[in-house]
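Undergrad: below is the sequence, then the predicted model.
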Amino acid sequence: MSHIGSYDSRIKAFDWSISEKELDYKQGNTINIGWYCTDRICQMGKADKTALIWEGMIGEEKRYTYNDIRIASNTIGQYLRDIGIKPEDRVCLFMDKIPELYLGFLGILKIGAIAQPLFSAFGDESLFIRLENAQTKAIITQKKHAPKVRKIIDKMPFVEFIIIVDHDPSKPLGEKELSFDLERSPRVDKFEIYPTKAESPSVLHYTSGTTGQPKGVKHVHYSLISQYLTAKWVLDLQDDDIYWCTADPGWVTGTSYGIIGAFSNGVTQCVLDAGFSAEAWYRFIEKHRISMWYSAPTAIRSLMKAGDEIIKKFDLSCLRHLASVGEPLNSEAVIWSEKVFGKAFLDTYWQTETGSIMITNFPGMKIKPGSMGKPFPGIFATVVDPETFQPYTDSGKIGLIAIKPGWPSMMRTYWNNEETYQKKFKNGWYLPGDRSSIDSEGYFWFVGRDDDVINTGGHLVSPFEVESALLEHPSIAESAVVSKPDFVNMEVVKAFVTLKPGFNADKDLELDIMNFVRKKLSPLAMPQEIEFADTLPKTRSGKIMRRILKAKEWGEEIGDTSTLEND
Amino acid sequence: MEDMKEIIRNYVIKEYVEDDTVIGFDTPLISGGIVDSFSMVSLKRFLENKYKISIPDDKATPEAFDSVNKIVNLVNEFIK
């Protein structure tokens, strides 16, 4: 029996107090995510239950009980407090998916500081922009990523500590650097957790927009109320489940469901800190008897690409429930997963700003392959007219997805950018920036983004950021960046550039530009294709018309070109 | 052959390794997290430019790019 039971009954009788009651939380009380994910589970008699099974790149394994993660997060929290980290200070986690990332996240929250996880593949420019915006006080990282931090440390007077969790003692530490070895640190059993309240800030995740720099999405400890219940009802986390969320905590899925949702529900979760390979993933599922698997369409399509034969080498009968997030899950992938695993991946829709699942397919619900499903109980979602922001009453009409504000895990603001935050609301609705329709049975059908942001492999890339980085390459005079379709990643980054005099458009230059952007921003932002052009389409006022370039890539109508220069 | 191995290994070290991680000919590159799936595109482009070949997308799999030795085998398939 699934936790949600009947969706219709839940909708009728829903109130977020259901979650509050299950978590023994009363309005006005202290609420600290770090405590709920560790100490509370221990107090419920599960101290010896396995909380985390971690496997590294060369197959090494570490296991932690709930008591272990309670003590480890206390230990990290105590260390941070001792060096002078105060409540609401921003502490960046810049690491691969190693245990210290998960334990550090909880430790930061336990002292009331704000966790700022950043994807470890970010280049120095991407890192700097996000750290500067947050005025981050400390960075916890690994020796392999420290060189990127060192490259920019002189520009960051606000950073007081760079904490390296695997420092080689035979080498000197650099400026502001500290060595912290969790396994050699005195274990802190008794720890005074900071009494955060519902609106105390907890996590700062960065997300990209069409224009301007990345925005820091501020979440608060009360987000737990949404994350706990959606993990329970949508991911259907049962007490005996072995759960695997494949997302990196540098992105919101990796924290909302790879840490908070999982641990607050007291389940055993697995983490594989290794690059993608179909064989390695299937072996991991078989070895750890994974029963609940939360992954992404890009990964699912990569598995499809690897073929069905390889699956026969593994016993995957342990899989009980599958779900997907990050970008729309195409119907072919749903049908394929039913065929090869005997279970359909259930699509879930949400974003960094929403903090938890908004529209989704539920266990036991009729699945329409390709549909996003229906709103989570307590979430009032619709589709509105893009001009008037009034909800459509006819089914099948394409408009903007709109959600009534007020759910517990909704972002509270963009860090230092309240003006942009306010623009996300129209006519009393929060607009995530996606287009969809709703069918006669209330199922949502994703259509696309309402802006130029590129969703590649479930990660948002700002064309503006990539264009700016391209212009820093010595050969480039002008740049325009759009998405192009891709089977595995749904969309990838494509750049159009014009060159300065003296440079020749050739394959070596193309590769040089690709690597330049990859190192500066991130591998996600690297254009997978660069087209050299003599000119770029512009309006008469000189603005580059990305719309025209994008339409060509997608084989769509170019539309109105009346403002095009030289038309 | 040895020359190609060294060229590819040196390129991987230069482009994808930030610290002093030792890269051997059998070091797992993709499954070891040294080269991610997005960066694989730039590595493929390097091989195509350097050896004047074209590697079809269905052959450019994470498995085929998972070590210097495997990459050398792949490149040799397409060198005429």
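TA: Sure, I can see it.
Undergrad: just to check, A:Ala381 is in contact with A:Met358?
TA: Yes. Between A:Ala381 and A:Met358 there is a contact at 6.2 Å, judged by Cβ atoms under 8 Å. Quick note: C-beta positions are derived from backbone N, CA and C, even for glycine.
Undergrad: which residues are common contacts for those two?
TA: The contact sets of A:Ala381 and A:Met358 overlap at A:375, A:403 (Cβ atoms under 8 Å, 6 or more residues apart in numbering or on different chains).
Undergrad: who has more neighbours, those two?
TA: A:Met358 (26 against 23; other Cβ atoms under 10 Å in any protein chain shown).
Undergrad: against A:Cys37, how distant is the more buried one?
TA: Applying Cβ to Cβ, to the nearest Å, the value for A:Met358 to A:Cys37 is 22 Å.
Undergrad: for A:Glu183, same thing?
TA: Taking Cβ to Cβ, one finds A:Glu183 at 21 Å from A:Cys37.
Undergrad: neighbour-wise, which of the two wins?
TA: A:Cys37 (29 against 11).
Undergrad: residue contacts, the more buried one?
TA: A:69, A:106, A:259-260, A:263-264.
Undergrad: for it, which non-adjacent residue is spatially closest?
TA: What sits nearest to A:Cys37 in space, not counting adjacent residues and going by Cβ to Cβ, 6 or more residues apart in numbering or on different chains, is A:Phe263, at 3.6 Å.
Undergrad: isn't there a helix covering that neighbour?
TA: Yes. A:Phe263 forms part of a helix when assessed by DSSP: H, G, I helix; E, B strand; the rest coil.
Undergrad: thinking it is in contact with A:Ile41, fair?
TA: Yes. When contacts are counted by Cβ under 8 Å, A:Phe263 is listed as touching A:Ile41 (6.9 Å).
Undergrad: who touches both of these two?
TA: A:51, A:66.
Undergrad: what about A:Leu524, distance to A:Glu491?
TA: Counting by Cβ to Cβ - A:Leu524 and A:Glu491 are separated by 11 Å.
Undergrad: mutual contacts of the two, please.
TA: In contact with both A:Leu524 and A:Glu491: A:Thr456, using Cβ under 8 Å, 6+ apart.
Undergrad: with neighbour numbers in mind, choose between the two.
TA: Neighbour count, other Cβ under 10 Å: between A:Leu524 and A:Glu491, A:Leu524 has more, with 26 against 22.
Undergrad: how about the more buried one, what does it touch?
TA: A:121, A:456-457, A:459, A:461, A:493, B:38.
Undergrad: domain assignment for chain A?
TA: For chain A, the structural domains run A:7-436, A:454-554, going by automatic domain parsing.
Undergrad: now the ones you listed as TSV including distance to B:Val75 and mean pLDDT?
TA: Below are the domains of chain A laid out as TSV (distance: least, Cβ to Cβ, whole Å; pLDDT from 0 to 100):
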stretch	distance to B:Val75	mean pLDDT
domain A:7-436	20	96
domain A:454-554	16	92
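Undergrad: with distance to B:Thr21 added, can I get these in TSV?
TA: As requested, the domains of chain A are exported to TSV (distance: least, Cβ to Cβ, whole Å):
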stretch	distance to B:Thr21
domain A:7-436	7
domain A:454-554	16
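Undergrad: out of these, the one nearest B:Ile34 is which?
TA: domain A:7-436 (7.6 Å; Cβ to Cβ).
Undergrad: doesn't A:Arg63 fall inside a helix?
TA: No. Under three-state DSSP, A:Arg63 sits outside any helix and is assigned strand.
Undergrad: not counting its neighbours along the chain, what's nearest it?
TA: That would be A:Ile53: by Cβ to Cβ, 6+ apart, it lies 5.4 Å from A:Arg63.
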